[in-house]
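Participant: from the sequence below, what's the structure:
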Amino acid sequence: MKEETLRDIGEFECIHRIAHDLIYRPELVKLGAGDDGAVFMTPCGYDEVISTDTMVEGIHFTKRTMSAADTGYHLCAVNFSDMAAMGAEPVSFVISAALPGDLSITWIESCYDGIRECCREYSVNLLGGDITGSKQGVILTGTIVGIVPENQAVKRSGAKEGDIVFVTGTLGDSSAGLSILLDGKKEEYPMLAIRHQRPKPQIDFGRILRESGASSLNDVSDGLSREINEIASASRVTIELEKERIPLSDELCRWGQDCGKEPFCFAINGGEDYELVGTISKKNWEYVKGIGGVTGIGHVTKAGKGQVFLKDKNSIKLLTIAGYDHFRS
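Facilitator: Got it, this is the predicted structure:
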């Protein structure tokens, strides 16, 4: 039996099938999906934070490496991660979807199952969006609105001389996960595959780090080398990282041996880990380092031109930006 496609059922039936179970924090919503616009509230004493991210089939995902549900979950996670990097809490989400007419309705329903799963996990209201046609595969754009206590959003530009540089979790797992999925070795390296398909935005860490006085934050979406250079440039400081302190998972190290590539390369240049990298004063670091899951990997040496150096045993070299670039990679 031929599977139903979007062309078979049309735009409005597609909307009807996916527009359910959308609200997880009703106290913040006056009017949800269904009108030309949604109406939501921002609690007194909070600033709003807004960001957007797009996923394009063939660039950010393929049906070979992600299921439809993984794709939906991933779209949410990458957007929510931007809120974590500001020390903010994601609360409201809208999606614009450009879909080819021959896409099966089963795929889009499963994709929205993944979206609902992530929104439910982080208590984010899905307030609607837009659906249109596409001649170039699936294109999904999410826009996330978050809240943060007034004047407390953490920026990239706050790093100061003497600060400790830290990261959450382990790095390089997602890019390694992509490589094992392409090599058909998901069963041998399940954690790496999950880290790529369903990254976890570090919402709780973002809040804790903000409350603990983090001076700067960034999420690791395009590789550590790019993200830490963005902090150094925005803050006009010089940063020194220690290679041996950058946290790597056991599974990544095992995959590095298997594929003949240094695990550190995945960590420094690979993207889509969606962990947090940032800086914090030595005084505040004494509290943060006891939480667990946060690793000090270097320090801010001085005010400067926005450079990062990597120390490896007895050598120190400039760490150039080598993360993903959509127009060069």
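Participant: quick one, helices of the chain?
Facilitator: Listed in chain order, the helices of the chain (DSSP state H) span residues 6-9, 11-18, 68-84, 105-121, 173-182, 190-197, 203-211, 224-235, 250-259, 263-269, 282-288.
Participant: pretty sure residue 156 sits against residue 216.
Facilitator: Yes - distance between residue 156 and residue 216: 5.4 Å, which falls inside the contact criterion (C-beta atoms under 8 Å). Glycine gets a C-beta too; all of them are placed from N, C-alpha and C.
Participant: which one of those two has more residues nearby?
Facilitator: For the pair residue 156 and residue 216, the greater number of neighbours falls to residue 216 (27 against 20), based on other C-beta atoms under 10 Å.
Participant: what's near enough to touch residue 181?
Facilitator: By C-beta atoms under 8 Å, 6 or more residues apart in numbering, the contact set of residue 181 is 64, 65, 193, 196, 197.
Participant: likewise residue 213?
Facilitator: Neighbour list for residue 213: 280, 281, 284 [criterion: C-beta under 8 Å, 6+ apart].
Participant: burial measure for the nearest residue to the second one once chain neighbours are set aside, as a count.
Facilitator: Think residue 281. Counting by C-beta to C-beta, 6 or more residues apart in numbering, residue 281 lies nearest to residue 163, which is 5.8 Å off, once chain neighbours are set aside. By the measure other C-beta under 10 Å, the count of residues near residue 163 is 26.
Participant: how about stretch 232-244: buried residues?
Facilitator: Of the residues in stretch 232-244, those with enough neighbours to count as buried (16 or more other C-beta atoms under 10 Å) are 232, 233, 234, 235, 237, 238, 239, 240, 241, 242, 243.
Participant: flag every buried residue along stretch 176-191.
Facilitator: Under the neighbour-count rule (16+ other C-beta under 10 Å), stretch 176-191 has 176, 177, 178, 179, 180, 181, 185, 186, 189 buried.
Participant: circling back: adding mean pLDDT, write the helices of the chain out as TSV.
Facilitator: As requested, the helices of the chain are exported to TSV (pLDDT from 0 to 100):
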stretch	mean pLDDT
helix 6-9	86
helix 11-18	85
helix 68-84	98
helix 105-121	97
helix 173-182	96
helix 190-197	97
helix 203-211	98
helix 224-235	97
helix 250-259	96
helix 263-269	94
helix 282-288	95
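Participant: just those: most buried one?
Facilitator: Mean neighbour counts were compared across the helices of the chain using mean count of other C-beta atoms under 10 Å; the top stretch is helix 68-84, at a mean of 25.
Participant: from the chain's centre, how far out does it sit?
Facilitator: In terms of C-alpha atoms, centre = their mean, to the nearest Å, the centre of helix 68-84 is found 7 Å from the chain centre.
Participant: same check on stretch 254-264?
Facilitator: For stretch 254-264, the distance from its own C-alpha centre to the chain's C-alpha centre is 24 Å (C-alpha atoms, centre = their mean).
Participant: and for that stretch, what's in contact with it?
Facilitator: Stretch 254-264 is contacted from outside by 172, 176, 179-180, 183, 189, 192, 243, 246, 248, 252-253, 266, using C-beta under 8 Å, 6+ apart.
Participant: and which of the residues you listed is nearest to residue 121?
Facilitator: The shortest distance between residue 121 and any of these, using C-beta to C-beta, involves residue 192 and amounts to 20.9 Å.
Participant: that closest one contacts residue 253, doesn't it?
Facilitator: No - Residue 192 is beyond contact range of residue 253, at 10.9 Å (criterion: C-beta under 8 Å).
Participant: residue 291 contacts residue 208, doesn't it?
Facilitator: Yes - under the criterion of C-beta under 8 Å, residue 291 is in contact with residue 208, at a separation of 6.7 Å.
Participant: re the thing from before, ok, so of the buried residues of stretch 232-244, who is nearest residue 24?
Facilitator: If you rank the buried residues of stretch 232-244 by distance to residue 24 using C-beta to C-beta, residue 234 comes first, at 33.3 Å.
Participant: can I get stretch 300-310 in PDB, CA atoms only?
Facilitator: Taking only C-alpha atoms (Å, rounded to 0.1, in the frame of the first residue of the first chain), the coordinates of stretch 300-310 have been written out as PDB:
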ATOM      1  CA  VAL A 300      42.500  34.200  30.800                       C
ATOM      2  CA  THR A 301      46.100  35.500  30.900                       C
ATOM      3  CA  LYS A 302      45.600  39.200  30.100                       C
ATOM      4  CA  ALA A 303      43.700  41.800  28.200                       C
ATOM      5  CA  GLY A 304      44.600  41.600  24.600                       C
ATOM      6  CA  LYS A 305      43.500  41.300  21.000                       C
ATOM      7  CA  GLY A 306      41.200  38.400  21.300                       C
ATOM      8  CA  GLN A 307      43.600  35.500  20.900                       C
ATOM      9  CA  VAL A 308      43.600  31.900  22.200                       C
ATOM     10  CA  PHE A 309      46.700  29.800  22.700                       C
ATOM     11  CA  LEU A 310      46.900  26.000  23.200                       C
END
